[in-house]
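Student: What would the 3D arrangement of this be:
(chains A and B)
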Amino acid sequence: MPEMGATLITTQSMTAPGDLLNLSLNASAVIPEGFVLLALIGTLLVDLAGEKTAAKWSPPICYFGLGSALLFLSLQWNGNPDSSFLGAFLADNLAIAFRSVVALSTLISLLISWRYAEKSGSPVGEYAAILLAATLGGMLLCGSTDLISIFVSLETLSVASYLLSGYLKRDARSSEAALKYLLVGSAAAAVFLYGASLLYGLSGSTNLQVIGIALINSPTPLAALALVFILATVAFKIAAVPFHQWTPDVYEGSPTPVVAFLSVGSKAAGFGLAIRLLVGCFNAFDTEWKLLFTVLAVLSMSLGNIVALAQTSMKRMLAYSSIGQAGFVMIGLVCGTEDGYAAMILYMAAYLFMNLGAFACIILFSLRTGSDRISDYAGLYQKDPLITLGLSLCLLSLGGIPPMLGFFGKIYLFFAGWADGQYLLVIVGLITSVISIYYYISVIKMMVVKEPQEASELVKSYPLIKWETMGLPPLRFALLTCVLATAIGGIVSNPLFQWANSAVAGTPILQQALEIAYKGNLG
Amino acid sequence: MTISSSTEQICFILLGLTVIVGALGVVLINNIVYSAFLLGGVFMGVAGLYLLLNASFVAAAQVLVYVGAVNVLILFAIMLVNKREELKPIKALQIRKILSAGVCGGLLILLFRVDLTTKWSTPGPAAIGEKATERIGEHLFSDYLLPFELASVLLLMAMIGAIVLARRDVLTSDVVTGDVVNQNLIEKSNEPILIDQSNKQ
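Tutor: Alright, predicted model coming up:
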């Protein structure tokens, strides 16, 4: 019921807020976030009882919180898309889809991080609490419809990410990563605030819908400036070239499970924010932001994939490859068609499984050998077939080889782009996909085709494979789930397609934007 | 021109000059302590501007938070890191300075241009003066309830993070296996990146 939402917002800007106290909050929209918060407090309380207790009880508490959050998210699907908290939050299908991706990425990141955290000697309870706070920020960011709540949730996500990337404080690389991330991130947040203050000055409101209407009625050069500022922040969050400089260093220096979360959860939240801001608010500047995003997408795809060729460290390679992957997702955003948005959501979901699967494998490898150099993977298939198989499948899927899940996601994105006439983007995407297949395959080749005597020293002295240690069974479970979803998901991807399409169909702002675009085509 | 409006204008010019000169000083002066004190002056000037706009609550918050907390914290940080160190001269510093000055100047001109060409919706809503605190409270518990509550989570998490990063007791053994741990990344360093570790022995 968009009319009711509009009247609510107009009354809100007209009357004194005292009268608003009688309106309904519709707070049930944030029940999933409530469970995440409960788990956060639970892990903190358990942590008071000492490190051993925390290591034992934090995992089940986190599973419970995130599991119930996912359950309630699925119950909200196709629910009433009335805005809650008097216009600060909206639980439409788009928000639910992105919030699920964020929550699921945290769940899998936690599954793969227990052993890593214990082995590096970092406090587990606080680690889980900070990661859950980041999740809370990311989930609220996906559904925020008000500049203030966007900013506060963005900061919750960002500050938690800075803390996590510097979590191994004795390591100079980790501290350097945190410092760089903090400085660049604070600059991006300041730029966002500047843009937001310009928007408030133009419209007199912090609500995205009201701002959108004000911008349609009077598009000024100032609004274009605000658009550039806000776009810079979004591009920073999704690590689009040229706002990507922090990515390789932060990914290399941060603890690997944190990188897994940053590359999926944080990025998904960034894309949720991008749709919310650009489609919901900057409709009047449709051609401008699409042009800017085309440039960003072309740069991200080409630079990310070409620089990834030269990397020797696995984490750094995945960092550059994630920049390239973000470029692919942007194709869907630029299209602005029903298929485009659906392809974006589908690819984010596919990316979740294949990227986290790859991270589970490299974490397991570094736990056993203490290295993430690509050359150290030489000849691994004889010692550890599970890592070899899992990593190969996930990397093939990231490269877009059929019949993996990533292939269907990518082909849908390219199809949507081609149907909308984005020929440049699709051609660049195809060429860079081929480049990306080259460096993904070279890792697989390193693991598989080396003769036994050519294996690296670390692989030659590979430890006996044991799964008993606490923290390893969850890692194995996450690894198998992700690899299975990547391998089989492609064949049975029809429900995923339907899910992505119904996410677009159940989102009022996307439907409005599609209607406007349709009318524009007719006229 | 009445006395009140001319007083207001004089105050505005003085405060504006304080803010601009202070901000330039923060950026241009090499001594970091002077910069920090000038930053305090800039914050005070901005608080004065808020007072001119009849927003006494925001002005008080500005003084308390920015001057009282943020600026004092910066000064503490400077005093704690009281270490003289000869830094390597940065290559082509002059060109970098000119380039960044050019970028900032361009941005300033752009902002001026946009500022002058935009039709602002003036005058804005009338200032409510003394009732501001009440109004802010109402907003915090109605349409800004969600960000207000989330801010408490943000503060809690920031506090925990600060404690974790600052506390000294580091775990020396793996809680599960009992192995010796050192809070480094599991991946061994390939080459030192920022800190030169060669002369540490």
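
Student: tell me the contacts of residue A:236?
Tutor: Listed by C-beta atoms under 8 Å, 6 or more residues apart in numbering or on different chains, the contact set of residue A:236 reads A:184, A:185, A:188, A:243, A:246. For glycine as for every other residue, the C-beta is placed from the backbone atoms N, C-alpha and C.

Student: That one and residue A:157: what is the separation?
Tutor: With distances taken as C-beta to C-beta, to the nearest Å, residue A:236 is found 12 Å from residue A:157.

Student: Need the residue in chain B that's farthest from the chain's center.
Tutor: For chain B, the largest distance from the centre (C-alpha atoms, centre = their mean) belongs to residue B:177, which lies 44.1 Å off.

Student: which residues of the stretch 1-150 of chain A fall in helices?
Tutor: A:2-14, A:17-20, A:31-47, A:51-76, A:93-120, A:124-143, A:147-165 (DSSP state H, counting those that start in this stretch).

Student: for the residue in the stretch 301-450 of chain A that chain B sits nearest to, what are its contacts?
Tutor: In the stretch 301-450 of chain A, no residue comes nearer to chain B than residue A:372, which is 4.3 Å away by C-beta to the nearest C-beta. Residues near residue A:372 by C-beta under 8 Å, 6+ apart: A:256, A:313, A:314, A:315, A:362, A:365, A:366, B:187.

Student: Between those, which sits nearest residue A:282?
Tutor: The shortest gap between residue A:282 and any of the contacts of residue A:372 belongs to residue A:315, at 34.9 Å (C-beta to C-beta).

Student: Count the residues that sit near that closest one.
Tutor: Neighbour count for residue A:315, taken as other C-beta atoms under 10 Å in any protein chain shown: 22.

Student: ok, back up a step: residue A:214 is nearest to which of the helices of the stretch 1-150 of chain A?
Tutor: helix A:2-14 (10.6 Å).

Student: hang on, the earlier thing: let's have the contacts of residue A:236 in CSV, adding distance to residue A:49, secondary structure and pLDDT.
Tutor: Converted to CSV, the contacts of residue A:236 look like this (distance: C-beta to C-beta, whole Å; DSSP: H, G, I helix; E, B strand; the rest coil; pLDDT from 0 to 100):
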residue, distance to residue A:49, secondary structure, pLDDT
A:184, 38, helix, 94
A:185, 34, helix, 95
A:188, 39, helix, 95
A:243, 43, coil, 91
A:246, 37, helix, 92
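
Student: Redo those as a markdown table? Include distance to residue A:445 and neighbour count.
Tutor: Listed next are the contacts of residue A:236 as a markdown table, based on distance: C-beta to C-beta, whole Å; neighbours: other C-beta atoms under 10 Å in any protein chain shown:
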| residue | distance to residue A:445 | neighbour count |
| --- | --- | --- |
| A:184 | 35 | 17 |
| A:185 | 37 | 22 |
| A:188 | 38 | 21 |
| A:243 | 33 | 21 |
| A:246 | 31 | 20 |
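
Student: State the pair within those that is farthest apart.
Tutor: Across the contacts of residue A:236 (C-beta to C-beta), the longest gap, 11.0 Å, separates A:185 and A:243.

Student: Just give the nearest non-adjacent residue to the residue farthest from the centre of chain B, would you?
Tutor: residue A:469 (6.2 Å; C-beta to C-beta, 6 or more residues apart in numbering or on different chains).

Student: Right, and chain A sits closest to which residue of chain B?
Tutor: Proximity of chain B to chain A (C-beta to the nearest C-beta) peaks at residue B:181, 3.0 Å away.

Student: roughly how far apart are that residue and residue A:464?
Tutor: 21 Å.

Student: low-scoring stretches of the chain, by residue?
Tutor: Went with chain A since none was named. Counting by pLDDT under 70, chain A shows low-confidence ranges at A:1-22, A:523.

Student: That was the other one, I meant chain B.
Tutor: B:121-122, B:169-170, B:189-201.

Student: For residue A:126, state which of the contacts of residue A:236 is nearest.
Tutor: Distances from residue A:126 to these, taken by C-beta to C-beta, are shortest for residue A:185, at 20.5 Å.

Student: give the contact list for the closest one.
Tutor: A:158, A:161, A:162, A:236, A:246.

Student: mind checking how far it is from chain B?
Tutor: As for residue A:185, its distance to chain B is 14 Å (criterion: C-beta to the nearest C-beta, to the nearest Å).

Student: Enumerate every residue touching residue 37.
Tutor: No chain was given, so I picked chain A. By C-beta under 8 Å, 6+ apart, the contact list for residue A:37 reads A:132, A:136, B:153.

Student: looking at chain B here, not the other one
Tutor: Residues in contact with residue B:37 (C-beta under 8 Å, 6+ apart) are residue B:75.

Student: so what does the helix or strand where residue A:316 lies touch, helix or strand wise?
Tutor: If you go by DSSP states H and E, residue A:316 is part of helix A:314-335. Packing partners of helix A:314-335 (3 or more C-beta pairs under 8 Å, 6 or more residues apart in numbering or on different chains; DSSP states H and E): helix A:246-253, helix A:256-261, helix A:267-274, helix A:286-308, helix A:338-369, helix A:405-419, helix A:423-448.

Student: Redo those helices as CSV? Include distance to chain B.
Tutor: Output for these, formatted as CSV (distance: least, C-beta to the nearest C-beta, whole Å):
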stretch, distance to chain B
helix A:246-253, 7
helix A:256-261, 7
helix A:267-274, 14
helix A:286-308, 15
helix A:338-369, 5
helix A:405-419, 25
helix A:423-448, 16
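
Student: so of these, which one's packed in deepest?
Tutor: Mean neighbour count, computed with mean count of other C-beta atoms under 10 Å in any protein chain shown, is highest for helix A:256-261 among those, reaching a mean of 28.

Student: Show me how far it is from its chain's centre.
Tutor: From the chain centre to the centre of helix A:256-261 is a distance of 12 Å (C-alpha atoms, centre = their mean, to the nearest Å).

Student: List of residues touching that helix?
Tutor: Residues contacting helix A:256-261 (C-beta under 8 Å, 6+ apart): A:105-106, A:108-110, A:112-113, A:116-117, A:131, A:134, A:161, A:164-165, A:167, A:250-251, A:315, A:318-319, A:355-356, A:359-360, A:362-363, A:366, A:372, B:185-187.

Student: one more time with 6 Å
Tutor: Contact partners of helix A:256-261, identified using C-beta atoms under 6 Å, 6 or more residues apart in numbering or on different chains, comprise A:109, A:112, A:113, A:116, A:164, A:165, A:251, A:356, A:359, A:363.

Student: out of those, what pair is the most spread apart?
Tutor: A:165 and A:356 (17.5 Å).

Student: returning to what we had before: I'd like the contacts of residue A:185 laid out as TSV, including distance to residue A:328.
Tutor: Formatted as TSV, the contacts of residue A:185 follow (distance: C-beta to C-beta, whole Å):
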residue	distance to residue A:328
A:158	24
A:161	23
A:162	27
A:236	19
A:246	20
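
Student: Closest one to residue B:115 out of the contacts of residue A:372, please.
Tutor: residue A:315 (44.9 Å).

Student: show me the contacts for the closest one.
Tutor: A:251, A:252, A:372.

Student: can you pull the contacts of residue B:59?
Tutor: Counting by C-beta under 6 Å, 6+ apart, residue B:59 touches B:47, B:50, B:51.

Student: Please tell me which one of those residues counts the most neighbours.
Tutor: Neighbour max across the contacts of residue B:59 (other C-beta under 10 Å) = residue B:47, 21 neighbours.

Student: Okay, and that one sits in which element?
Tutor: Using DSSP H and E, residue B:47 sits in helix B:32-52.

Student: which parts of that helix are buried?
Tutor: Buried residues in helix B:32-52, counted by 16 or more other C-beta atoms under 10 Å in any protein chain shown: B:35-51.
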